[in-house]
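Asks: this is the structure alone, sequence omitted:
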């Protein structure tokens, strides 16, 4: 997979997975732009007389303190909006391809490119990265060291996700990470730095694998549609 195709997939997924749920106007904004009360048609009067049936075949006049008000619809168009706009319709193949992936790859794409902070997605990503890295851990590794490595998993996920979207991002320095774990800089360089690089490499491999699968599924679906 070439870097150009990966970057193309990142751009398209960012557009396709964007949340458009807050695009519509709220009630207060709709009222400000289109006032619901039109007082020109039924001007207010100090006293408004209403004729009511008294139940005995006669009419009873009742004085009301308010007058009738003609109220407009809050929406600015007579016909309702379409259920899906053109942008969402064109991005549907990308979302369909994402939903066909395994759960951990879906979680990564929705977190990294859809900016979805669902805690379940974060858990799936961390479990997938740690399970992959755990296969390469040396035997006899201290439990304390392993706990510190687990604490670095989510940090590695955040760093790779930020690097994919921001080329000017400055990576964590070794001294800052050593202070985060509460170890000396020499201990970090000797023990934890190789694991840190391996964790980021695992996240990068997950990113490339998920993007590659999305591109393959999307092209395969387009090919099937062309044949049919």
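Replies: Sure, I can see it. Keep in mind the model is a prediction, meaning the values are calculated, not measured. Numbers count the residues shown, from 1 in each chain.

Asks: show me what contacts the closest residue to residue 188 other than its chain neighbours?
Replies: With Cβ to Cβ, 6 or more residues apart in numbering as the criterion, residue 188 has its nearest non-adjacent residue at 3.8 Å, and that residue is residue 178. All C-beta spots, glycine's among them, are computed from the backbone N, C-alpha and C. Residues near residue 178 by Cβ atoms under 8 Å, 6 or more residues apart in numbering: 184, 185, 187, 188, 192.

Asks: surely the fourth one meets residue 181?
Replies: In other words, residue 188. Yes - using Cβ atoms under 8 Å, residue 188 is in contact with residue 181, at 7.1 Å.

Asks: about what we covered before: secondary structure class for the residue nearest to residue 188?
Replies: helix (DSSP: H, G, I helix; E, B strand; the rest coil).

Asks: how close does it sit to residue 190?
Replies: 11 Å (Cβ to Cβ, to the nearest Å).

Asks: ok, now residue 119?
Replies: In terms of Cβ to Cβ, residue 119 sits 34 Å off from residue 190.

Asks: with neighbour numbers in mind, choose between the two.
Replies: Neighbours per residue, other Cβ atoms under 10 Å: of residue 119 and residue 190, the larger number sits with residue 190, 11 against 7.

Asks: contacts only, for the more buried one.
Replies: Residue 190 makes no contacts at all, as judged by Cβ under 8 Å, 6+ apart.

Asks: please report how far it lies from residue 182.
Replies: 15 Å.

Asks: all strands for the protein, in order.
Replies: 37-38, 48-53, 59-64, 70-71 (DSSP state E).

Asks: which neighbouring elements make contact with the helix ranked longest in the chain?
Replies: Taking DSSP state H as the criterion, the chain has its longest helix at helix 193-227. Secondary-structure packing of helix 193-227 (3 or more Cβ pairs under 8 Å, 6 or more residues apart in numbering; DSSP states H and E): helix 3-16, helix 92-99, helix 103-112, helix 119-134, helix 143-165.

Asks: for the first one, buried residues please.
Replies: By neighbour count with 16 or more other Cβ atoms under 10 Å, helix 3-16 contains the buried residues 6, 9, 10, 12, 13, 14, 16.

Asks: picking up where we left off before, just the pLDDT for the residue nearest to residue 188.
Replies: Here, the pLDDT recorded for residue 178 equals 92.

Asks: quick thing: my sequence starts at 33, can you match it?
Replies: Got it, the first residue is 33 from now on, which makes the last one we talked about residue 210.

Asks: where are the low-confidence patches of the protein?
Replies: 52-80, 96-116, 253-260 (pLDDT under 70).

Asks: give me the most central residue, it.
Replies: Nearest residue to the geometric centre of the chain (Cα atoms, centre = their mean): residue 148, 3.4 Å.

Asks: for that one, which non-adjacent residue is closest in space?
Replies: Closest residue in space to residue 148, ignoring its immediate chain neighbours: residue 142 at 4.3 Å, by Cβ to Cβ, 6+ apart.

Asks: residues touching that neighbour, list them.
Replies: Neighbouring residues of residue 142 by Cβ under 8 Å, 6+ apart: 49, 130, 148, 150, 153.

Asks: so which of the residues you listed is surrounded by the most neighbours?
Replies: residue 130 (22 neighbours).

Asks: check contacts around that residue.
Replies: By Cβ under 8 Å, 6+ apart, residue 130 lies in contact with 45, 48, 49, 138, 141, 142, 246.

Asks: try it again with 10 Å
Replies: 45, 48-49, 137-138, 141-142, 145-146, 242, 245-246, 249-250 (Cβ atoms under 10 Å, 6 or more residues apart in numbering).
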